[in-house]
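Student: no sequence on hand, only this structure:
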């Protein structure tokens, strides 16, 4: 059977709550389709260009902000709208998000969106302990090669950070290093 004949279900949603200027809001995040990702890239390019970004590419703060704003504008849906015909949560899209939220809130919501998008992805979401150890050893020996971070889903990165933190705080050497970092009596002030 061709895909055009397949019946599609509803998109997965994750409920999100946030306080904005003292008011509590609840909405849902949904993963974006390839078409919507294209719209995000197009609008982020327009946003960065309109703001006179020196380079309109990933890594430029204006382009990256445009990606976050336009992704959230499409991914955030009103939970009070009909399930089969979700409406956008932000009435005026990216402009309303930029005007209503500070950059920390935008980055926070975008991180939740990225993680949800990753959880809905068919790509690898978990690693065995052996794979994780091999990955951490590879990162340690990469000498500044950050390509691992570019190709790993956010959930795997979170797992790597959590395991690394646990290793650090549970080993005597790690605790000693942390203690020396937080010891203000040895700081050069």
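Tutor: Now that the structure is in, tell me what you want to look at. What you see is a predicted model, and the numbers here were worked out from it, not measured in a lab.
Student: break the chain down into its domains, please.
Tutor: Domain assignment for the chain, taken from automatic domain parsing, gives 10-117, 129-182.
Student: shaky segments in the protein?
Tutor: Filtered on pLDDT under 70, the chain yields the residue ranges 3-10, 122-127, 151, 183-189.
Student: in CSV, list the domains of the chain along with distance to residue 1 and mean neighbour count.
Tutor: In short, each C-beta sits where N, CA and C put it, glycine included. Listed next are the domains of the chain as CSV, based on distance: least, Cβ to Cβ, whole Å; neighbours: other Cβ atoms under 10 Å:
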stretch, distance to residue 1, mean neighbour count
domain 10-117, 20, 16
domain 129-182, 30, 12
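Student: enumerate every residue touching residue 149.
Tutor: residue 157 (Cβ atoms under 8 Å, 6 or more residues apart in numbering).
Student: packing partners for the helix or strand harbouring residue 19?
Tutor: Using DSSP states H and E, residue 19 maps to strand 14-20. Packing contacts for strand 14-20, counted by 3 or more Cβ pairs under 8 Å, 6 or more residues apart in numbering; DSSP states H and E, involve strand 23-29, helix 103-120.
Student: save those as a markdown table, and put in distance to residue 141 too.
Tutor: As requested, the helices and strands packed on strand 14-20 are exported to a markdown table (distance: least, Cβ to Cβ, whole Å):
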| stretch | distance to residue 141 |
| --- | --- |
| strand 23-29 | 36 |
| helix 103-120 | 25 |
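Student: quote the end-to-end distance of stretch 121-129.
Tutor: End-to-end distance of stretch 121-129 (Cα to Cα, to the nearest Å): 21 Å.
Student: need the contact list for residue 103.
Tutor: Residues near residue 103 by Cβ under 8 Å, 6+ apart: residue 65.
Student: ok, 10 Å please
Tutor: Residue 103 makes contacts with 61, 65, 68, as judged by Cβ atoms under 10 Å, 6 or more residues apart in numbering.
Student: from those, pick the one nearest residue 99.
Tutor: The closest of the contacts of residue 103 to residue 99 turns out to be residue 65 (Cβ to Cβ; 13.1 Å).
Student: my guess is that closest one meets residue 102, correct?
Tutor: No: using Cβ atoms under 10 Å, residue 65 is not in contact with residue 102, being 11.8 Å away.
Student: tell me who's in contact with residue 56.
Tutor: Contacts of residue 56 by Cβ under 10 Å, 6+ apart are 44, 45, 46, 47, 48, 49, 62, 63, 66.
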